[in-house]
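Enquirer: One predicted model, sequence on top.
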Amino acid sequence: MRPAPLREKLPEHSLPAGGSSTGWWPTLLVVDQDPEMLRTLVCYFEQRGFHVAAGTSMAEAKAFFHRHKSWALVISDYHLPDGTGLELCCWVRDQTRATPFLLMSGSPQCAALCAGTEYLAKPFALDVLATRVRSLVGR
């Protein structure tokens, strides 16, 4: 059985006023200082109908975050050049509790670093990422 496409799993409250999804696509903020990982994630999600803003630092992520009213999900690597993904997660939660956050880390101490948040240990298969994103966006 094939999993449903990511955008088919959006909750009703994520749709624009009037309940119509015509012309509306979920928007993700993806933050990773590794250009290859960032390109891979942006391409993967854009091919599945998401709008994606991509940043390489906390500062860029915060600037993007303020430019858009509603985010379907923020995905960030733990290690950023100007802070940690966990610090970014706390900042996002201070801005709005409604935005889900997924932290990623390739560190051997990933579970300890990301304690208390949704996370994926790198490397991960894209289908594992898709399942996690469907779960978070569908809440």
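Expert: Yep, it's here.

Enquirer: so where's the protein shaky on pLDDT?
Expert: Counting by pLDDT under 70, the ranges of the chain that qualify are 1-25, 139.

Enquirer: so where do the helices sit in it?
Expert: Secondary structure of the chain (DSSP state H): helices at 35-46, 58-67, 85-95, 110-113, 126-137.

Enquirer: give me the number of residues near residue 72?
Expert: 22 (other Cβ atoms under 10 Å). (Glycine included, C-beta is placed from N, CA and C.)

Enquirer: Quick check: chain neighbours aside, which residue is closest to it?
Expert: Take residue 72 and drop its neighbours on the chain: the residue closest to it by Cβ to Cβ, 6 or more residues apart in numbering is residue 26, 3.4 Å away.

Enquirer: go on, residue 121?
Expert: Nearest non-adjacent residue to residue 121 (Cβ to Cβ, 6+ apart): residue 110, at 4.4 Å.

Enquirer: Just list the residues touching the one you found, thanks.
Expert: Contacts for residue 110 (Cβ atoms under 8 Å, 6 or more residues apart in numbering) come out as 78, 119, 121, 122.

Enquirer: are any of those buried, and which?
Expert: Neighbour-count burial (16 or more other Cβ atoms under 10 Å) applied to the contacts of residue 110 gives 78, 119.

Enquirer: Could you list which of the contacts of residue 110 belong to strands?
Expert: Judged by DSSP state E, the subset of these located in strands is 119, 121.

Enquirer: Need the contacts of residue 110 in TSV (columns: distance to residue 47).
Expert: TSV is the format used below for these (distance: Cβ to Cβ, whole Å):
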residue	distance to residue 47
78	25
119	24
121	24
122	20
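
Enquirer: just to revisit the earlier point, would you mind saying which of the helices of the chain lies nearest residue 103?
Expert: helix 85-95 (4.8 Å; Cβ to Cβ).

Enquirer: Pull that closest one out as PDB, backbone CA atoms only.
Expert: Extracted C-alpha coordinates of helix 85-95, given in PDB (Å, rounded to 0.1, in the frame of the first residue of the first chain):
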ATOM      1  CA  GLY A  85      18.200  24.000  15.800                       C
ATOM      2  CA  LEU A  86      16.900  23.500  19.300                       C
ATOM      3  CA  GLU A  87      17.300  27.200  20.000                       C
ATOM      4  CA  LEU A  88      15.400  27.900  16.700                       C
ATOM      5  CA  CYS A  89      12.700  25.500  17.800                       C
ATOM      6  CA  CYS A  90      12.200  27.300  21.100                       C
ATOM      7  CA  TRP A  91      12.100  30.700  19.200                       C
ATOM      8  CA  VAL A  92       9.500  29.400  16.800                       C
ATOM      9  CA  ARG A  93       7.400  28.000  19.700                       C
ATOM     10  CA  ASP A  94       7.600  31.500  21.300                       C
ATOM     11  CA  GLN A  95       6.300  33.000  18.100                       C
END
